[in-house]
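Peer 1: Next comes the sequence, and after it the predicted model I'd like to discuss.
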Amino acid sequence: MTFAATATHKTGLVRPAAKACPAFTRLAQGLYFLALAVHAGATEPLVAMDLFPGDPYKTTDRSGSAELTKFNENCESVGVNPSDVTVIAGDSRLLTPASITSRKIPKFRLLSVDGGHSLEIAMSDMHFATCAIMPGGVVAVDDILNSGWMGVFQAVSLYVQCPNALAPFLLYKNKVFLTTVTHYALYMKWARETFNCIPDDYVHISRRSFGPYEVCAPELRH
(Lines give C-alpha, C1' and ligand atoms only; values in the text may rest on other atoms or scores of the structure.)
Protein backbone atom coordinates (compact mmCIF):
# COMPACT_ATOMS: atom_id res chain seq x y z
CA MET A 1 0.00 0.00 0.00
CA THR A 2 1.03 3.54 -0.21
CA PHE A 3 0.15 5.94 2.48
CA ALA A 4 0.45 9.65 2.20
CA ALA A 5 -0.18 11.28 5.48
CA THR A 6 -0.30 14.51 7.36
CA ALA A 7 0.02 14.33 11.08
CA THR A 8 -1.02 17.16 13.30
CA HIS A 9 -1.97 18.18 16.79
CA LYS A 10 -4.63 20.53 15.43
CA THR A 11 -8.35 19.90 15.71
CA GLY A 12 -11.25 21.02 13.57
CA LEU A 13 -13.08 20.06 10.41
CA VAL A 14 -11.02 18.65 7.57
CA ARG A 15 -12.50 19.56 4.19
CA PRO A 16 -11.72 16.50 2.04
CA ALA A 17 -13.16 17.79 -1.22
CA ALA A 18 -11.33 21.08 -1.10
CA LYS A 19 -8.48 21.78 1.30
CA ALA A 20 -6.80 18.82 2.91
CA CYS A 21 -3.44 17.64 4.15
CA PRO A 22 -1.45 14.54 3.21
CA ALA A 23 -2.14 11.14 4.54
CA PHE A 24 -1.12 7.63 3.67
CA THR A 25 -1.67 6.66 0.00
CA ARG A 26 0.08 4.78 -2.81
CA LEU A 27 2.87 6.98 -4.09
CA ALA A 28 3.36 5.84 -7.70
CA GLN A 29 4.85 9.17 -8.82
CA GLY A 30 3.36 11.05 -5.89
CA LEU A 31 0.97 13.35 -7.75
CA TYR A 32 -2.02 12.85 -5.43
CA PHE A 33 0.26 13.00 -2.40
CA LEU A 34 1.63 16.34 -3.58
CA ALA A 35 -1.82 17.76 -4.21
CA LEU A 36 -2.40 17.21 -0.51
CA ALA A 37 1.10 18.14 0.65
CA VAL A 38 1.00 21.66 -0.73
CA HIS A 39 -1.95 22.39 1.55
CA ALA A 40 -0.34 20.99 4.69
CA GLY A 41 0.30 23.27 7.63
CA ALA A 42 3.85 24.53 7.97
CA THR A 43 4.53 22.32 10.99
CA GLU A 44 2.56 19.26 9.87
CA PRO A 45 4.69 16.18 9.16
CA LEU A 46 4.29 14.57 5.74
CA VAL A 47 4.45 10.77 5.64
CA ALA A 48 4.33 8.42 2.65
CA MET A 49 4.56 4.66 2.38
CA ASP A 50 4.80 2.33 -0.59
CA LEU A 51 6.60 -0.58 -2.14
CA PHE A 52 9.57 0.28 -4.31
CA PRO A 53 11.41 -1.69 -7.01
CA GLY A 54 13.71 -4.14 -5.26
CA ASP A 55 11.61 -4.36 -2.09
CA PRO A 56 11.42 -7.89 -0.69
CA TYR A 57 7.64 -7.46 -0.32
CA LYS A 58 5.56 -7.29 -3.46
CA THR A 59 1.90 -6.72 -4.04
CA THR A 60 0.06 -9.90 -4.90
CA ASP A 61 -2.70 -8.07 -6.78
CA ARG A 62 -0.51 -6.39 -9.43
CA SER A 63 -1.50 -2.94 -8.19
CA GLY A 64 2.04 -1.71 -8.63
CA SER A 65 4.86 -0.04 -6.73
CA ALA A 66 6.23 3.47 -6.42
CA GLU A 67 9.00 5.23 -8.32
CA LEU A 68 11.06 6.98 -5.63
CA THR A 69 13.33 8.96 -7.95
CA LYS A 70 10.38 10.37 -9.89
CA PHE A 71 8.53 11.00 -6.64
CA ASN A 72 11.42 13.12 -5.33
CA GLU A 73 11.60 15.03 -8.61
CA ASN A 74 7.89 15.77 -8.45
CA CYS A 75 8.22 16.95 -4.86
CA GLU A 76 10.85 19.48 -5.89
CA SER A 77 8.77 20.62 -8.87
CA VAL A 78 6.01 21.90 -6.55
CA GLY A 79 8.28 23.25 -3.84
CA VAL A 80 8.08 20.31 -1.42
CA ASN A 81 11.51 19.38 -0.10
CA PRO A 82 11.87 15.57 -0.29
CA SER A 83 13.81 15.71 2.96
CA ASP A 84 10.64 17.02 4.65
CA VAL A 85 8.76 13.84 3.71
CA THR A 86 9.10 10.71 5.83
CA VAL A 87 9.06 7.85 3.32
CA ILE A 88 8.46 4.37 4.68
CA ALA A 89 9.27 1.56 2.25
CA GLY A 90 7.66 -1.83 2.66
CA ASP A 91 4.50 -3.87 2.94
CA SER A 92 1.74 -2.00 4.78
CA ARG A 93 0.51 -5.24 6.32
CA LEU A 94 3.61 -5.10 8.52
CA LEU A 95 2.84 -1.55 9.64
CA THR A 96 1.75 -0.99 13.23
CA PRO A 97 0.94 2.14 15.26
CA ALA A 98 4.38 1.72 16.84
CA SER A 99 5.89 2.14 13.37
CA ILE A 100 4.58 5.70 13.47
CA THR A 101 4.98 6.61 17.13
CA SER A 102 8.59 5.38 17.13
CA ARG A 103 9.27 8.13 14.58
CA LYS A 104 7.61 10.67 16.92
CA ILE A 105 4.84 11.30 14.39
CA PRO A 106 1.48 12.29 15.95
CA LYS A 107 -1.83 10.88 14.78
CA PHE A 108 -2.99 11.88 11.33
CA ARG A 109 -5.44 14.61 10.42
CA LEU A 110 -5.87 13.19 6.94
CA LEU A 111 -4.87 9.69 5.94
CA SER A 112 -5.30 8.66 2.31
CA VAL A 113 -5.35 4.94 1.56
CA ASP A 114 -4.55 3.86 -1.98
CA GLY A 115 -2.60 0.66 -1.56
CA GLY A 116 -2.96 -3.01 -2.37
CA HIS A 117 -6.47 -3.67 -3.66
CA SER A 118 -7.03 -7.20 -2.41
CA LEU A 119 -9.51 -7.82 0.38
CA GLU A 120 -6.72 -8.83 2.76
CA ILE A 121 -4.51 -5.81 2.16
CA ALA A 122 -7.33 -3.27 2.08
CA MET A 123 -8.76 -4.63 5.33
CA SER A 124 -5.34 -4.47 6.98
CA ASP A 125 -4.95 -0.86 5.85
CA MET A 126 -8.36 0.07 7.25
CA HIS A 127 -7.57 -1.36 10.67
CA PHE A 128 -4.27 0.52 10.72
CA ALA A 129 -6.13 3.73 9.81
CA THR A 130 -8.44 3.22 12.79
CA CYS A 131 -5.46 3.30 15.15
CA ALA A 132 -3.58 6.07 13.35
CA ILE A 133 -6.24 8.77 12.82
CA MET A 134 -6.86 11.56 15.31
CA PRO A 135 -10.38 12.32 16.63
CA GLY A 136 -12.17 14.20 13.85
CA GLY A 137 -9.56 13.22 11.28
CA VAL A 138 -10.49 11.92 7.85
CA VAL A 139 -9.50 8.72 6.04
CA ALA A 140 -9.91 8.78 2.24
CA VAL A 141 -10.01 5.35 0.58
CA ASP A 142 -9.39 5.23 -3.17
CA ASP A 143 -10.97 2.94 -5.80
CA ILE A 144 -14.07 2.21 -3.75
CA LEU A 145 -16.19 1.93 -6.93
CA ASN A 146 -13.58 0.41 -9.23
CA SER A 147 -15.13 -2.76 -10.63
CA GLY A 148 -11.67 -4.05 -11.48
CA TRP A 149 -10.62 -4.01 -7.80
CA MET A 150 -13.60 -5.26 -5.83
CA GLY A 151 -11.41 -6.10 -2.84
CA VAL A 152 -11.49 -2.45 -1.72
CA PHE A 153 -15.29 -2.25 -1.69
CA GLN A 154 -15.52 -5.63 0.02
CA ALA A 155 -13.00 -4.63 2.66
CA VAL A 156 -14.72 -1.34 3.53
CA SER A 157 -18.13 -3.03 3.60
CA LEU A 158 -16.84 -5.59 6.11
CA TYR A 159 -14.73 -3.09 8.04
CA VAL A 160 -17.57 -0.70 8.94
CA GLN A 161 -19.34 -3.55 10.72
CA CYS A 162 -16.41 -4.00 13.11
CA PRO A 163 -16.44 -2.53 16.62
CA ASN A 164 -14.76 0.89 16.82
CA ALA A 165 -14.75 1.26 13.02
CA LEU A 166 -14.62 4.70 11.45
CA ALA A 167 -17.85 6.09 9.97
CA PRO A 168 -18.23 6.73 6.21
CA PHE A 169 -19.94 9.99 5.32
CA LEU A 170 -19.10 10.82 1.68
CA LEU A 171 -18.73 8.87 -1.56
CA TYR A 172 -17.10 11.11 -4.17
CA LYS A 173 -14.69 10.80 -7.13
CA ASN A 174 -14.22 7.04 -6.60
CA LYS A 175 -13.25 7.61 -2.97
CA VAL A 176 -15.06 7.00 0.28
CA PHE A 177 -14.33 9.37 3.15
CA LEU A 178 -14.58 8.22 6.77
CA THR A 179 -14.16 9.92 10.12
CA THR A 180 -14.38 9.03 13.78
CA VAL A 181 -17.89 8.22 15.00
CA THR A 182 -17.87 11.24 17.31
CA HIS A 183 -17.57 13.55 14.28
CA TYR A 184 -19.83 11.70 11.83
CA ALA A 185 -22.81 14.03 12.27
CA LEU A 186 -20.60 17.09 11.79
CA TYR A 187 -19.16 15.80 8.53
CA MET A 188 -22.55 14.66 7.23
CA LYS A 189 -23.87 18.17 7.83
CA TRP A 190 -20.88 19.59 5.94
CA ALA A 191 -21.36 17.12 3.06
CA ARG A 192 -25.09 17.86 2.77
CA GLU A 193 -24.45 21.60 2.64
CA THR A 194 -21.42 21.42 0.35
CA PHE A 195 -22.90 19.04 -2.22
CA ASN A 196 -26.55 20.06 -1.80
CA CYS A 197 -27.37 16.48 -0.87
CA ILE A 198 -31.02 15.67 -0.42
CA PRO A 199 -32.32 12.41 1.10
CA ASP A 200 -32.53 10.70 -2.31
CA ASP A 201 -28.79 11.28 -2.75
CA TYR A 202 -27.92 9.17 0.28
CA VAL A 203 -26.69 5.68 -0.37
CA HIS A 204 -29.47 3.81 1.40
CA ILE A 205 -27.95 0.49 0.32
CA SER A 206 -25.41 1.48 2.96
CA ARG A 207 -27.49 -0.59 5.35
CA ARG A 208 -25.87 -3.49 3.55
CA SER A 209 -22.68 -1.96 2.17
CA PHE A 210 -21.65 0.64 4.75
CA GLY A 211 -23.10 -0.61 7.99
CA PRO A 212 -25.56 1.68 9.81
CA TYR A 213 -24.35 4.87 8.13
CA GLU A 214 -25.95 7.00 5.47
CA VAL A 215 -23.38 8.26 3.01
CA CYS A 216 -23.71 11.42 0.92
CA ALA A 217 -23.16 10.37 -2.72
CA PRO A 218 -23.79 13.40 -4.98
CA GLU A 219 -22.47 11.68 -8.11
CA LEU A 220 -24.96 8.84 -7.80
CA ARG A 221 -28.01 11.03 -8.27
CA HIS A 222 -30.67 9.47 -10.46
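Peer 2: That came through, no problem. Numbers count the residues shown, from 1 in each chain.
Peer 1: can you pull up the bridge partners for the residue most central in space within the chain?
Peer 2: Closest residue to the average C-alpha location of the chain: Ser112 at 2.0 Å, with CA atoms, centre = their mean. Ser112 has the following beta-bridge partners by DSSP bridges: Ala4, Ala140.
Peer 1: Specify the local secondary structure of Cys197.
Peer 2: Following DSSP: H, G, I helix; E, B strand; the rest coil, we place Cys197 in the coil state.
Peer 1: what comes up buried for whichever helix in the chain runs longest?
Peer 2: What stands out as the longest helix in the chain, according to DSSP state H, is helix 119-132. Under the neighbour-count criterion of 16 or more other CB atoms under 10 Å, helix 119-132 has Leu119, Ile121, Ala122, Met123, Ser124, Asp125, Met126, Phe128, Ala129, Thr130, Ala132 buried. All C-beta spots, glycine's among them, are computed from the backbone N, C-alpha and C.
Peer 1: again with stretch 78-95
Peer 2: Buried residues in stretch 78-95 (16+ other CB under 10 Å): Val80, Val85, Val87, Ile88, Ala89, Gly90, Asp91, Ser92, Leu95.
Peer 1: give me the beta-bridge partners of the closest residue to the second one other than its chain neighbours?
Peer 2: Which is Val85. Closest residue to Val85 apart from its sequence neighbours, by CB to CB, 6 or more residues apart in numbering: Leu46 at 4.6 Å. In this entry, Leu46 is beta-bridged to Thr6, Val85, by DSSP bridges.
Peer 1: So Pro168 lies in a strand, does it not?
Peer 2: Yes - secondary structure assignment places Pro168 in a strand (three-state DSSP).
Peer 1: My read is that it contacts Glu214, right?
Peer 2: No - using CB atoms under 8 Å, Pro168 makes no contact with Glu214, being 9.1 Å away.
Peer 1: Give the residue from the two that has the larger number of neighbours.
Peer 2: Pro168 (29 against 21; other CB atoms under 10 Å).
Peer 1: Tell me the gap between stretch 32-40 and the middle of its chain.
Peer 2: With CA atoms, centre = their mean, to the nearest Å as the basis, stretch 32-40 stands 13 Å off its chain's centre.
Peer 1: Kindly report the same for stretch 111-121.
Peer 2: 9 Å.
Peer 1: just stretch 183-193 next, same as before
Peer 2: On CA atoms, centre = their mean, the centre of stretch 183-193 falls 18 Å from the chain's centre.
Peer 1: outside of that stretch, which residues touch it?
Peer 2: For stretch 183-193, the surrounding residues in contact (CB atoms under 8 Å, 6 or more residues apart in numbering) are 13, 15, 135-136, 138, 167, 169-170, 177, 179, 197, 213-214, 216.
Peer 1: Make sure I have this right: Phe71 is in a helix.
Peer 2: Yes - looking at Phe71 with three-state DSSP, it is inside a helix.
Peer 1: Could you double-check that it lies in contact with Ala37?
Peer 2: No - contact criterion CB under 8 Å: Phe71 and Ala37 do not qualify, at 11.1 Å.
Peer 1: picking up where we left off before, cross-reference the contacts of stretch 183-193 with the helices and report the matches.
Peer 2: Per DSSP H, these never map to helices.
Peer 1: Turn those into JSON lines, including pLDDT and distance to Ser99.
Peer 2: What follows is these, written out as JSON lines (pLDDT from 0 to 100; distance: CB to CB, whole Å):
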{"residue": "Leu13", "pLDDT": "41", "distance to Ser99": "28"}
{"residue": "Arg15", "pLDDT": "36", "distance to Ser99": "28"}
{"residue": "Pro135", "pLDDT": "95", "distance to Ser99": "21"}
{"residue": "Gly136", "pLDDT": "96", "distance to Ser99": "23"}
{"residue": "Val138", "pLDDT": "95", "distance to Ser99": "21"}
{"residue": "Ala167", "pLDDT": "95", "distance to Ser99": "25"}
{"residue": "Phe169", "pLDDT": "94", "distance to Ser99": "27"}
{"residue": "Leu170", "pLDDT": "93", "distance to Ser99": "28"}
{"residue": "Phe177", "pLDDT": "96", "distance to Ser99": "24"}
{"residue": "Thr179", "pLDDT": "97", "distance to Ser99": "23"}
{"residue": "Cys197", "pLDDT": "82", "distance to Ser99": "37"}
{"residue": "Tyr213", "pLDDT": "87", "distance to Ser99": "29"}
{"residue": "Glu214", "pLDDT": "86", "distance to Ser99": "34"}
{"residue": "Cys216", "pLDDT": "90", "distance to Ser99": "33"}
